[in-house]
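S.K.: Need the 3D shape of this:
(chains A, B and C)
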Amino acid sequence: MSHELLDHNSRATAVGLSARALRKNRFGIVLFCISQGVPYYLLTNVRYMLAGGEKPANLNIWMGGLLPALLLLVGIVPIVMARSSLHQHKPARAQTQLALTLLLCLSALITLLLPLWYHSFDGMSRFGEIDLTCLGVASFYACISFLVVFGVWIRIGKRLITAENPWSLEAATWVFSFNAVAWTYLFFILDVL
Amino acid sequence: MSSHVTDLGSSQLAEHRRRMLPPLVRGLLWAAIGFLVFNTLVSQILDRQPFDPFITRPSVAIGWAAALIGWLLGVGGWEVIVRPYFGYPVEWDVPNDWRRYFMFSTDHKVVGLQYIFSTAGSFFVAGFAAMLMRLELMHAKLWVFSNPGSYLATVGIHGTVMMFSVGTVALVGGFGNYFIPMMIGANSSAFPRLSGLSQWLLPAGVATVVLSPLLGLWDTGWRGYAPLSGQDPSGIVFYYLGVFALTTSSLMVSINLTATILFKRAPGLTWNRLPMYAWGILAVSLLNIIWLPEIQMTFVLALLNNIVPFPLFAEVGTPLTYMEAFWLFGHPEVYIIVVPAFALWQEIIPVMGQKTLFARQWGVLGLVFVMLFSGLVWAHHMFTNMRNSEMLPFSFFTEMISIPTGFAYLVVLGTLWRAKLRLTAPTLLVLMSMFNFLIGGITGVLLADPVVNLQTHDTFFVIAHFHYTIIGAMIFTWLAVAYYWMPRLSGRMYNEKLAILGAIWVFVGFNGAFGQMFFLGLRGMNRWAAAYPVYLQSMNFSVSMFAFLLGLGFLFNLLHIAWMWNRGKPAKKNPWGAQTLEWQTEAQPGEKNFHPLPRVETGFYDYAADGPSRKDE
Amino acid sequence: MDLLWFTIIWVIVSLLGEWGLHALEHLGLYYYTASAQAIAGEKAVAFILTVLVPVISFVIVLLVYNAIRFRSRSNKPILSRHQFRDNKLFIGSWVILSIALNILFFVHPSASAVEQMFNSEEARFNRNDLVVNVTARQWEWIFSYPQYGIQYAQDTNGNSTLYLPVNRNVRFVLRSYDPYHTYAPYIGVIHDFWVPAFGLKQDIIPGETRYEYVHTNKITSYDVDPMVRVQCAEVCGPGHPYMEAPVHVVSQTDFAKWIQVQKKLQQS
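M.R.: Residues are numbered from 1 along each chain as shown, chains lettered A, B, ... in the order given. Got it, this is the predicted structure:
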């Protein structure tokens, strides 16, 4: 690998990131979140352009709505706690906490995928189109955040992410929280407002 | 670079090497497997359709995604990204020879060259499509293409590849990746693995778009307009998917280069000393980071519109929304293409004139305000859908954006005054580029006027206008920097006489072809028409002649550069007498740029004989 | 000294440019105009270009003058003896002039001409408009004249054709759908109604009804100038280039005669 990567890896296991490298990484994640926020802005616009403020009468507010939002939001708690466990040099506990996040993420994914599969609104209807699209986008991002957290879980198990070098866990927290907040936002736009 | 797999024993390394196919071959193989498996899974099991076709729209979209992932993993993503992410050691050896260009690399110079080659390749593929179009238009009736649909597909491929894999990429992913880290005195970009991955999306995206007619001729042009796209054969699916890959590539480059400029600057390289090119890349990257995800989501919607299918943009949906969302991205895209060119003018001219950059702060202001305004002008592409009160704000901002654009001219013209200007090929090409963009800008003022716009919209007047801004400004500047940085890239010098001949050649061809198109548009030649009324034929014939001249001119420059790259006279270090940091190192791909990191004491554009930067010479 | 020479050349080139521009305008720089709206566009172009010719010549003359006058005779980098990074007068006048020019263009012709063009759409001007229903389908224009009971204006070969009386306000009612397949809601695509000689165009969006107003001011036809034709300007599929129809602007009496002929055609 290039010097940079080797440097990065050796530093990663030994002394952790320099303050500047940490700022750089955080900045990169912020750019990622900003860029990925834009599609949600577009979906909001399309929702109103297409269906106005329409909400169907038979709207199930739980499945593919509030339930995944709650599961994802609750999932932020253990992943944040995992960070402090890591700081206290308790990687096993951090792993358990991440496993809880993973479980919540998986259940959120299921509550998103089920209504996507048994779509109760016709894909030909105006609300149905935007509802299915948003569910699909949310499922995609839920998969991504699951994979991201899963990788971190494995690496904590291998003691590659440690108290000295917790950046990857922090990055995963950012990605997971972004998805949780983004879906909650979309849920409000779709089903509540 | 050759000895960086230190954590592997040499025997292990040899064993590892023996087991692996060449990365490109492996990428293609994994892509093929991914496509077959997932396409079959969807079309034969999950979503069988009447008459049981092997390839359906959903299956081809899912199969394509699997193929893309297979390709990215195969060229090295598996070893460099996926396995380390799950805690396995990095086992990726990049040999220190030509093979490094054909595999995943994290060296920003290798990635830059990979991008430079892919963009040049795309340019000639899409240019060939343009030549076919001009051949067809030599005659008022169909004669090259068997039906207008295949002409439209060619138009679409030309536009899409030129926009998303040349215009958006050549000066950012290509020269930006190579030179930005060097110019700010860094040894690598901020996220080298990200940039290594991004490059490999480019060939995948280009191949997707170029091969799209295999699935049917799509006829929407480069914009993929719905609701027309909803009627198109499946080729349109590959258009949306291909552009998705290409835009993802640019998005990654932008995140990487922004973080690089902000966090990897050498000690002493303050904001006041930041190179103009870095300012340009910063402005472009912020545009990319906001607007590329916007168009990606739009294309996802249009894709779902086609493969599910939804009536999102049909008569029963909201047909105008696609257009709005497209142009919301579409106009910033123009500035994404041209802003790095503005910055490069201000990079090359002080060097070639050996004179202090004039009014630098106004140049920076110009770049930043072009960036800010570019999101406020988009609806001028839709005056034909608007009324009085809606037009005026967009007309206002469209006219106003010419003010910060003008600052680039202010800076360069001020720098040229009483300079000691060497009329080399790069200088000449920058001057030509400024002339061309002036014409593009003036016709832009005309187009910003709604009353004029309502006549010239969707005619060849508009085609000429935006080719003046894109080819005229960006491609000419691309050629200028190719000559300017060739001694740095290849260590060899081009032939000045041949290069000047090449510059004049493309200048004549370009202005001959596109200058006439303004008049063609005013005479009533509309766009996307393979056949047209006979009265326009003689002028079209003459446009085509100049277009062929232009095509040959680009080919001439390519051959010249390719020849001199290997056979040119060895160049001196820093032959132009530049002060920017990329000339202070002779590092080639695989080598460290700076050892130790430089400490920057002054700005790079001060040429006063007793200036601080002269003292150490 | 350089400044003086440059100014002299600039003034000469600007004057030549203005002269050339007006010669071109005389020859018909813009396009063949057959409506009041087209003339508004022509005037706007003429105004903008007249104001901009000195600006264009300033930049071009400066580019060329710099390149020739200040060229170095050596290939080696030699520092220029004149090093400066600021000139408040030049920068200040550049910035102020560019802002002033843009505000001028926004006020006139942009805002003023738009105002004028859309004025013609106000109801008080349109009591006696000729109404033409324009239906765009893939790939055909269908013109009907509801005030005269004409469903499908056609020539003797059965092709669509558009006849308009001279010196009338015409209201085009624009819709995109296929009257022969009204059961298919997906069949409508975006077309664009454009008569090059009338100087304006309007997108036709499926599901919307839009209007375009034109005041005809000249007796002319497709046979006089091929720009007097209806042309679809927005890509609408493979048949897009063929989506055109000839236009005839005729006198009131000829128009009345044509209406009679069409009525007979309708009955047969």
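
S.K.: now the strands: where do they sit in chain C?
M.R.: C:130-137, C:140-144, C:162-165, C:169-176, C:191-195, C:200-204, C:210-215, C:220-221, C:229-232, C:244-250 (DSSP state E).

S.K.: who touches the third one?
M.R.: Contacts to strand C:162-165, defined as CB atoms under 8 Å, 6 or more residues apart in numbering or on different chains, come from residues C:130, C:132, C:141, C:143, C:153, C:170, C:216, C:230, C:245-252, C:255, C:258. From N, CA and C alone the C-beta is placed, and that goes for glycine too.

S.K.: Mean neighbour count, distance to A:V46 and mean pLDDT added to the strands of chain C, as TSV?
M.R.: Shown next, in TSV, are these (neighbours: other CB atoms under 10 Å in any protein chain shown; distance: least, CB to CB, whole Å; pLDDT from 0 to 100):
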stretch	mean neighbour count	distance to A:V46	mean pLDDT
strand C:130-137	20	26	95
strand C:140-144	20	32	95
strand C:162-165	22	37	96
strand C:169-176	20	21	94
strand C:191-195	27	23	95
strand C:200-204	25	20	92
strand C:210-215	20	22	91
strand C:220-221	20	45	95
strand C:229-232	25	27	95
strand C:244-250	22	34	95
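
S.K.: Just the buried positions in the helix or strand of chain C with the lowest mean pLDDT, please.
M.R.: Taking all helices and strands of chain C together, the one with the lowest average confidence (mean pLDDT, DSSP states H and E) is helix C:112-119, at a mean of 83. Taking 16 or more other CB atoms under 10 Å in any protein chain shown as the basis for neighbour counts, the residues of helix C:112-119 that come out buried are C:A113, C:V114, C:M117, C:F118.

S.K.: which ones among those come in contact with chain B?
M.R.: With CB under 8 Å from any CB of the partner chain as the criterion, the members of the buried residues of helix C:112-119 in contact with chain B are C:A113, C:V114, C:M117, C:F118.

S.K.: Okay, angle between the least confident helix or strand of chain C and strand C:210-215 too, please.
M.R.: Helix C:112-119 and strand C:210-215 are oriented at 100 degrees to each other (axes from the mean of the first three to the mean of the last three CA atoms, to 10 degrees).

S.K.: Let me know the closest of the ones next to chain B among the buried residues of helix C:112-119 to chain A.
M.R.: Of all these, the one sitting nearest chain A is C:F118; the distance, using CB to the nearest CB, is 24.6 Å.

S.K.: quick one: contacts for A:V152?
M.R.: Applying CB under 8 Å, 6+ apart to A:V152 gives the contacts A:L98, A:I161, A:S168, A:L169, A:A172.

S.K.: Now neighbour count, distance to chain B and secondary structure too, for the residues you listed, in JSON lines please.
M.R.: JSON lines is the format used below for the contacts of A:V152 (neighbours: other CB atoms under 10 Å in any protein chain shown; distance: CB to the nearest CB, whole Å; DSSP: H, G, I helix; E, B strand; the rest coil):
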{"residue": "A:L98", "neighbour count": "27", "distance to chain B": "14", "secondary structure": "helix"}
{"residue": "A:I161", "neighbour count": "27", "distance to chain B": "9", "secondary structure": "coil"}
{"residue": "A:S168", "neighbour count": "18", "distance to chain B": "9", "secondary structure": "helix"}
{"residue": "A:L169", "neighbour count": "24", "distance to chain B": "13", "secondary structure": "helix"}
{"residue": "A:A172", "neighbour count": "26", "distance to chain B": "11", "secondary structure": "helix"}
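
S.K.: Between which two of those is the distance greatest?
M.R.: Comparing all pairs in the contacts of A:V152 by CB to CB, the longest separation belongs to A:L98 and A:S168, at 11.4 Å.

S.K.: before we move on, back to that, need the strands of chain C in TSV (columns: distance to A:A57).
M.R.: Shown next, in TSV, are those (distance: least, CB to CB, whole Å):
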stretch	distance to A:A57
strand C:130-137	37
strand C:140-144	41
strand C:162-165	48
strand C:169-176	33
strand C:191-195	37
strand C:200-204	35
strand C:210-215	34
strand C:220-221	58
strand C:229-232	42
strand C:244-250	48
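
S.K.: Indicate which one of those is closest to B:L520.
M.R.: strand C:229-232 (13.7 Å).

S.K.: Against which helices or strands is that closest one packed?
M.R.: For strand C:229-232, the elements it packs on are strand C:191-195, strand C:244-250, judged by 3 or more CB pairs under 8 Å, 6 or more residues apart in numbering or on different chains; DSSP states H and E.

S.K.: correct me, but B:P309 touches B:G230?
M.R.: Yes: at 7.0 Å, B:P309 counts as touching B:G230 under the criterion of CB atoms under 8 Å.

S.K.: Of those two, which one has the most company?
M.R.: Set B:P309 next to B:G230 and count neighbours by other CB atoms under 10 Å in any protein chain shown: B:G230 wins out with 24 against 17.

S.K.: was I right about that one contacting C:P185?
M.R.: No: no contact is recorded between B:G230 and C:P185 when judged using CB under 8 Å, the distance being 11.0 Å.

S.K.: any shared contact partners between these two?
M.R.: Listed contacts common to B:G230 and C:P185 are B:P311, B:A314; contacts here mean CB under 8 Å, 6+ apart.

S.K.: what's the offset of the host helix or strand of B:N256 from the middle of its chain?
M.R.: With the criterion set as DSSP states H and E, the secondary-structure element containing B:N256 is helix B:235-263. The chain centroid and the centroid of helix B:235-263 are separated by 10 Å under CA atoms, centre = their mean, to the nearest Å.

S.K.: ok, and does whichever helix or strand comes after that helix reach over to chain C?
M.R.: Once helix B:235-263 ends, the next helix or strand along the chain (criterion: DSSP H and E) is helix B:276-307. No: against chain C, helix B:276-307 shows no contacts by CB under 8 Å from any CB, the least distance being 10.5 Å.

S.K.: No more questions from me, cheers.
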